[in-house]
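> Build the 3D model from these lines:
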Amino acid sequence: MTTHKRLIKVCGMRHEANIRAVEALGIDMMGFIFWPGSSRCVSSPPAYLPERCRRVGVFVDEDADRVRRIADACALDCVQLHGRETPDYCARLSAYTVIKAFSIATAADLPQTDAYADVASYFLFDTKGRSAGGNGTKFDWEVLQAYTGSTPFLLSGGIGPDDAAAVSAFSHPRCVGIDINSRFELRPGLKDTAAIAAFIDRLAHASR
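Presented below is the predicted three-dimensional model:
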């Protein structure tokens, strides 16, 4: 069982009061989705952006110049790339911390990460689904034991309020955090702050 504190990223934020409330929980990263195909898309920068956690912009096969414009307008710390972006594309965004997302079903999906080892600061392993993200379902995390790369990763994909013990029990030397989204929502883009607070508390107790 792991005992160190893992990063907690809350993704799919939209509303000012909700952003402030979730930020106050002491999370490490907050994600804003700029992909029009998402029900959590923010078409323009929110009225308030967090100041006490890292700001992450989520993009899917977006024009790199538009990514830069949004990143600069929102003072993003990280860009999360959730599509079929190439290593060369990722390298063009090296001014920001790059999080490259991969859809995972089996260990056979892991070798695709090799080409990105030098251009991404983090990987994010998500569930394969019809959407580029936010599918709300898990994959078998144990397939990640086949990952032997050096790039640290965030665990994502259907993590919900009842998963604190399972998250704490999952052990991999490169797993540095988790990403939560749809299963902590009252509706798309509006997070249940109380549920996130309770989850963080259970996670802390389970990790002792």
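
> any idea what sits nearest the residue positioned nearest the centre of the chain, other than its immediate chain neighbours?
Centroid check for the chain by Cα atoms, centre = their mean gives Asp179 as the closest residue, at 4.2 Å. Excluding its sequence neighbours, the residue lying closest to Asp179 (Cβ to Cβ, 6 or more residues apart in numbering) is Ser156, at 3.8 Å. Where C-beta positions appear, they are placed from N, C-alpha and C, glycine not excepted.

> now the helix or strand hosting the residue nearest to the centre of the chain: how far from the chain's centre is it?
Assigned by DSSP states H and E, Asp179 belongs to strand 175-180. Mean-position distance between strand 175-180 and its chain equals 7 Å (Cα atoms, centre = their mean, to the nearest Å).

> Of all the residues in that strand, which ones are buried?
Neighbour-count burial for strand 175-180 flags Cys175, Val176, Gly177, Ile178, Asp179, Ile180 (criterion: 16 or more other Cβ atoms under 10 Å).

> Just put those in CSV and tack on distance to Arg6.
Listed next are the buried residues of strand 175-180 as CSV, based on distance: Cβ to Cβ, whole Å:
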residue, distance to Arg6
Cys175, 7
Val176, 6
Gly177, 5
Ile178, 6
Asp179, 11
Ile180, 11
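
> Which residues outside the helix or strand that the strand holding Asp179 is followed by are in contact with it?
Later in the chain than strand 175-180, the nearest helix or strand by DSSP H and E is strand 185-187. With contacts defined as Cβ atoms under 8 Å, 6 or more residues apart in numbering, strand 185-187 is touched by Gly12, Lys191, Asp192.

> Same check on stretch 68-78?
Contacting residues not belonging to stretch 68-78 are listed as 29, 32, 34, 45, 49, 54-57, 59, 79, 93, 95-99, 121-122 [Cβ under 8 Å, 6+ apart].

> now swap in stretch 46-62 and tell me
By Cβ under 8 Å, 6+ apart, the surrounding residues in contact with stretch 46-62 are 9, 11, 13-16, 19-20, 23, 26-35, 37-38, 67, 70-71, 74-85, 97, 99, 132-133.

> Alright, that wraps it up for me.
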